[in-house]
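Asks: When you get a sec, could you give me coordinates for this:
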Amino acid sequence: MSTLVVQLRKNHQVGYHGEVTRPSDIPEFARALAKQEFTDLTQEMHAIVSSSHLFKSLDDVGRQRVLESGYVTTFAPKDTLFAEGKTGESMLIVMRGTVLVETQTPSGTVHLAELSRGACIGEVSVLTGQPRTATVTAKTEVDAVAFEKHRIERVLADYPKVRKVLESLVVGRARDTIEKIVGY
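Replies: The predicted structure follows:
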C-alpha cells in the first residue's frame, strides 16, 4: 500500500483508503492523499522518477518501490529545506518550484546552483552519512517528494547500479562545488 502524503502541518495518522497507519509510515505533519490526489500525483511522480538521472536505471518494480516510499512536502519561499552542516536523514526530488543551493566560505556565501523540477537534492549527505555540504532554500513555493534515508537504503541495497549512479552524482557535485568555490 502506497503512503504518498502531503504536508499539512496537522497531526493526521490516517492512511490511503482510511486505514490507520504506523507513525513511521506518515510523518506527524502529513496526511495521506485522497484517491484522486494519489492518482494524479503518482502519474506526475512516475514521470519525474522515470526521467531522473538518479532513478531511470531502476526497473518498473524498483521505481514503484521508490514511489511508494516517498511523501510530498511543500515549502514557502525563503524556507530552508536543508541547512549546511546538519545531518542528512532525507533527500528530495523537486516537483514544482525553484530552490537555491549555497555554501559558506571564509569570503562569504557562494551560489552553487538554482534547481527546479526533477532536481535531486540532499542525496550527498544521505549517501555518505556526512553533514550537509550546502544550504538549500526555496526561491519560490516548492513541492518536493521526500525520501527518508532508511527507505532509500533498502532500495539501493537491491539495486547496486543505482547506488553507483548516486555515487557518481556525489563526485560530480563535489567537483562542481570545489570549482565554484575556488573560482571566487
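Asks: What residues does the residue positioned nearest the centre of the chain make contact with?
Replies: Centroid-nearest residue in the chain: Leu92, 0.9 Å away (criterion: C-alpha atoms, centre = their mean). Contact analysis of Leu92 by C-beta atoms under 8 Å, 6 or more residues apart in numbering lists Thr73, Leu81, Cys120, Ile121, Gly122, Ala144, Val145, Ala146, Phe147. In this view, the C-beta of every residue, glycine as well, is placed from N, C-alpha and C.
Asks: Off-centre distance for the host helix or strand of Gln104?
Replies: Assigned by DSSP states H and E, Gln104 falls within strand 99-105. Centroid separation between strand 99-105 and its chain, computed with C-alpha atoms, centre = their mean, to the nearest Å, is 17 Å.
Asks: Partner strands of the helix or strand following it and their direction?
Replies: Later in the chain than strand 99-105, the nearest helix or strand by DSSP H and E is strand 108-115. Looking at strand 108-115 with DSSP bridges, its partner strands are strand 99-105 (antiparallel).
Asks: before we move on, the earlier item: and the residue nearest to the centre of the chain, what helix or strand is that in?
Replies: Counting by DSSP H and E, Leu92 is found in strand 90-96.
Asks: Quick check: buried residues in that strand?
Replies: By neighbour count on 16 or more other C-beta atoms under 10 Å, the buried set for strand 90-96 is Ser90, Met91, Leu92, Ile93, Val94, Met95.
Asks: List just the nearest of those residues to Phe55.
Replies: Nearest to Phe55 out of the buried residues of strand 90-96 is Ile93 (C-beta to C-beta; 8.4 Å).
Asks: Over to Thr98: give its phi and psi.
Replies: Here the main-chain torsion angles of Thr98 (degrees, to the nearest 10) amount to phi -130, psi 140.
Asks: Spit out the contact partners of the nearest residue to it once chain neighbours are set aside.
Replies: In space, and not counting its chain neighbours, Thr98 is closest to Lys139: 4.3 Å by C-beta to C-beta, 6 or more residues apart in numbering. Counting by C-beta under 8 Å, 6+ apart, Lys139 touches Pro77, Gly97, Thr98, Val99, Leu100, Glu114.
Asks: Burial check on the second one, number of neighbours?
Replies: Spelled out, it's Gly97. Using other C-beta atoms under 10 Å, Gly97 is surrounded by 19 other residues.
Asks: Any chance of a markdown table for the buried residues of strand 90-96, columns pLDDT and distance to Ser57?
Replies: Output for the buried residues of strand 90-96, formatted as a markdown table (pLDDT from 0 to 100; distance: C-beta to C-beta, whole Å):
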| residue | pLDDT | distance to Ser57 |
| --- | --- | --- |
| Ser90 | 91 | 21 |
| Met91 | 90 | 17 |
| Leu92 | 90 | 19 |
| Ile93 | 85 | 15 |
| Val94 | 89 | 20 |
| Met95 | 85 | 21 |
